[in-house]
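please find the sequence and the predicted model below.
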Amino acid sequence: MDLYEHQARELLHENGVLVPRAEVVDTAEAARAAAERLGGRVVIKAQVKTGGRGKAGGVKLADDPAAAELTARRILGMDIKGHTVHRVMVAEPVEVEREMYLGFTLDRAAGRFLAIASAEGGMEIEEVAARRPEAVARIAVDPAEGVTEAKAAEIAVAGGLPRETTGTIRRLWTVLTAHDALLVEVNPLVVTRDGSIVALDGKVTLDDNARFRQPSWDAADDRARDPLEARAAAAGIGYVKLDGEVGVIGNGAGLVMSTLDVVAGCGARPADFLDIGGGASAQVMADGLSLVLDDPDVRSVLVNVFGGITACDAVADGIVRALDTVALTKPLVVRLDGNNAARGRAILGQLAHPLVHQADTMDGAAARAAELAGSAASSATGTSDPSAA
């Protein structure tokens, strides 16, 4: 589970890492009031679970409360990489002398943790890592040993960080281990004009497998904010609500992500990310279809499955049986490929449902789903469909 910046910030603060004073608000008027309480001059930061906010215009400096209100109004509702900004953080500005990067992540292949540190933090850290990898130090951390004072000093030296950061390095390690995190990242970690070490931003990813021993996570999990995401979580389905009109269902996170991109390339917007995983049983398909069809924004549904361990005929059979329990009210485009694809297509062909369409390729399926969504939108608004001419 990824945390919003303000949630990550709270964990850092609770564990002794210095952070600027800040408040989280969801209206422009509240941003103005927060700015007044924080001294007038503030930074307005979009709260979305994605990177690149600064380059997208989601982080702005406001010189006074009136400017804070205007800036918050511009940022609220903004779309940043498919994420709509519903809240902003109003933060006290910091006089920065130097920016750095510091993080811990799990190295699954090596069975250990990895400390990542660089003397060059900020928005361009990805470019620094790609262009000059030697500027980003990667230091293995034995989970049994942890980050001792000596290890923290080793990390600081390797990353070119001042020795005064060793305390912060150890506190970040505490955040990682005490809260069962897979990633704890601070970018930028700064040295201020008065010599303080302050975390200006924070990113934390928690390990969902540890939820049973972290009861406080329920308060941090915003999936309950959307009833469809809450239903998906209860059913054990990987689902994320997006702001679009084409519902997307696939087996495997990589395939679903690719499908989202192809749908967008066809001029439509994905309405969700839904991964049914490797076993597309009738119940899983029924739960997935029910979720997507219950989204009022969805105008067509695209099922994109590559048969592997679960063969395509089993997937098709699951769709047929799912339609016995789920009322199909919107066009459903199905693309099956891989193991037993021909047999799966035959099963759907025998179904002969007027709202079920088949496509041979992912591009063709996405184009058809986008077309059907556009036709549904035209019908809803009473306008004619140009493609029907």
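Structure's in. What do you need? Numbering: from 1, shown residues only.

longest helix in the protein, by residue count?
In the chain, taking DSSP state H as the definition, the longest helix is helix 362-381.

for that helix, packing partners?
strand 246-250, helix 253-265, strand 300-307, strand 332-338, strand 356-359 (3 or more Cβ pairs under 8 Å, 6 or more residues apart in numbering; DSSP states H and E). C-beta here means a position set from N, CA and C on the backbone, and glycine is covered the same way.

would you mind finding the most buried of the ones you listed?
Neighbour counts (mean count of other Cβ atoms under 10 Å) averaged over each of those peak at strand 246-250, with a mean of 28.

I'd like the helices and strands packed on helix 362-381 laid out as CSV, including distance to Ala135 and mean pLDDT.
What follows is the helices and strands packed on helix 362-381, written out as CSV (distance: least, Cβ to Cβ, whole Å; pLDDT from 0 to 100):
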stretch, distance to Ala135, mean pLDDT
strand 246-250, 38, 95
helix 253-265, 29, 93
strand 300-307, 39, 93
strand 332-338, 43, 95
strand 356-359, 47, 96
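
which one of the ones you listed lies nearest to Ala66?
Closest approach to Ala66 among the helices and strands packed on helix 362-381 is made by helix 253-265 (37.2 Å; Cβ to Cβ).

ok so, going back, for Ala150, which of the helices and strands packed on helix 362-381 is the nearest?
Taking Cβ to Cβ, helix 253-265 is the member of the helices and strands packed on helix 362-381 nearest to Ala150, at 38.9 Å.

chain center to whichever helix or strand comes after that closest one, what's the gap?
Downstream of helix 253-265, the next assigned helix or strand under DSSP states H and E is strand 272-275. A distance of 12 Å separates the centroid of the chain from that of strand 272-275, by Cα atoms, centre = their mean, to the nearest Å.

likewise stretch 239-254?
12 Å.

distance-wise, check Leu355 relative to Ala140.
For Leu355, the distance to Ala140 equals 54 Å [Cβ to Cβ, to the nearest Å].

neighbour-wise, which of those two wins?
Leu355 (14 against 10; other Cβ atoms under 10 Å).

so that one makes contact with Val326?
No: Leu355 is beyond contact range of Val326, at 11.7 Å (criterion: Cβ atoms under 8 Å).

returning to that earlier point: can you check what angle separates the longest helix of the chain from helix 253-265?
50 degrees (axes from the mean of the first three to the mean of the last three Cα atoms, to 10 degrees).

just the mean pLDDT for helix 362-381, thanks.
Helix 362-381 carries an average pLDDT of 85.

cool, and stretch 214-232?
Across stretch 214-232, pLDDT averages out at 65.

make 546 the first number, not 1, from now on.
All set: I'll call the first residue 546, so the last point we hit is now stretch 759-777.

tally of neighbours for the nearest residue to Val641 once chain neighbours are set aside?
Nearest non-adjacent residue to Val641, counting by Cβ to Cβ, 6 or more residues apart in numbering: Val735, 4.8 Å away. By the measure other Cβ under 10 Å, the count of residues near Val735 is 24.

contacting residues for Val735?
Contact partners of Val735, counting by Cβ atoms under 8 Å, 6 or more residues apart in numbering, are Val639, Val641, Glu642, Arg643, Glu644, Met645, Gly666, Ile742, Val743, Ala744, Leu745.

just checking, it is part of a strand?
Yes: Val735: assigned to a strand according to DSSP: H, G, I helix; E, B strand; the rest coil.

re the thing from before, among the helices and strands packed on helix 907-926, which is nearest Gly603?
Comparing the helices and strands packed on helix 907-926 by Cβ to Cβ, helix 798-810 comes nearest, at 19.8 Å.

pull the distance from the closest one to the chain's centre.
14 Å.

next: stretch 907-916.
With Cα atoms, centre = their mean as the basis, stretch 907-916 stands 24 Å off its chain's centre.

over to stretch 856-871?
On Cα atoms, centre = their mean, the centre of stretch 856-871 falls 29 Å from that of its chain.

list the contacts of that stretch.
With Cβ under 8 Å, 6+ apart as the test, stretch 856-871 has contacts from 796, 825-831, 834-835, 838, 848, 850, 852, 879, 881-886, 888-890, 892-893, 896, 898.
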